[in-house]
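**Student:** okay, sequence plus prediction incoming.
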Amino acid sequence: MGNTPTPHIAAKEGDFAKTVLMPGDPLRAKYVAETFLEDARLVNNVRGVNGYTGTYHGKRVSVMASGMGMPSMGIYSYELYHFYGVENIIRIGTAGAIQPDLRIRDVVLGMGACTDSAFAGQFCLPGTFAPIASYELLAKAVSVIEEMGTVRYRVGNVLSSDVFYNDNPDTRDLWQKMGVLAVEMESAALYMNAARCGKNALTICTISDSLVTGEATTSEERQTSFNDMLKIALETA
């Protein structure tokens, strides 16, 4: 606290709620604020990374984009946790299915986040760190989904990859054999930052495409049509 604004966030101390929802896409952050939050106000727009704070059913909640990839998520989650007093970050993103039983628009809760990234190297650990979600947020999200009763979902490992266009065609099959559900690009960095500063984090992803079947949603659908995931996150917040 006290180091605000930061190089990447123009908000003042107190502008963010204790819980921040983080989509990768700034337009999804705008959509969440305009569709679900009451009295939402813009608190950050540095580099077009929209951040808003409002209320959801009377509870103060913020939403801000993380950008794409672990370096971007690493910066924004670090600054929110360390300088803005944020306690909980819930990533609301998209993921590509690598298990054949996952369908488009299924919801995946990232209990753990495997990674091909060297992000953990900065911590100089004498072994391999296993990035995991905060149990309290995970348990609450499962409870919310069960109460909704209409959402197909899975809980398990996701893969946070540094590579979108992978030159190794066998990569998907190797992770699939280990039971990893889907691939995305941010969760491992978020979970590691949360662990390092004693805060809470959870990833809730909607399957936007399948690396198994080749099915995919459009960019417009990814911005505005994944409302089940957004409601789960807001009720968990």
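**Tutor:** That came in fine, so what should we check first?
**Student:** isn't residue 158 up against residue 107?
**Tutor:** No: with contacts counted by CB atoms under 8 Å, residue 158 stays clear of residue 107, the gap being 11.9 Å. In short, each C-beta sits where N, CA and C put it, glycine included.
**Student:** so what sits against both of those two?
**Tutor:** Jointly contacting residue 158 and residue 107 under the rule CB atoms under 8 Å, 6 or more residues apart in numbering are residue 205.
**Student:** could you find the closest non-adjacent residue to residue 83?
**Tutor:** residue 3 (4.7 Å; CB to CB, 6 or more residues apart in numbering).
**Student:** helix, strand or coil for the one you found?
**Tutor:** Secondary structure, DSSP: H, G, I helix; E, B strand; the rest coil: residue 3 is coil.
**Student:** distance of the residue lying closest to residue 117 once chain neighbours are set aside from residue 197?
**Tutor:** Counting by CB to CB, 6+ apart, residue 117 lies nearest to residue 162, which is 4.8 Å off, once chain neighbours are set aside. Distance of residue 162 to residue 197, computed by CB to CB, to the nearest Å: 22 Å.
**Student:** number of residues surrounding residue 40?
**Tutor:** 20 (other CB atoms under 10 Å).
**Student:** follow-up on the earlier one: A helix includes the residue nearest to residue 117, no?
**Tutor:** No: using three-state DSSP, the assignment for residue 162 is coil, not a helix.
**Student:** look up phi and psi at residue 189.
**Tutor:** As for residue 189, its main-chain torsions (degrees, to the nearest 10) stand at phi -60, psi -40.
**Student:** so residue 52 touches residue 65, yeah?
**Tutor:** No: using CB under 8 Å, residue 52 is not in contact with residue 65; the gap is 10.1 Å.
**Student:** still on that earlier bit, of residue 162 and residue 197, which one has the most company?
**Tutor:** Counted by other CB under 10 Å, residue 162 and residue 197 do not tie: residue 162 has more neighbours, with 16 against 12.
**Student:** let me know whether the more buried one touches residue 72 as I believe.
**Tutor:** No: applying CB under 8 Å, one finds residue 162 not in contact with residue 72, separated by 11.6 Å.
**Student:** now the spatially most central residue of the chain: closest residue in space that isn't a chain neighbour?
**Tutor:** Residue closest to the mean C-alpha point of the chain, counted by CA atoms, centre = their mean, is residue 91 at 1.9 Å. Excluding the flanking residues, the one nearest residue 91 by CB to CB, 6+ apart is residue 203, at 4.3 Å.
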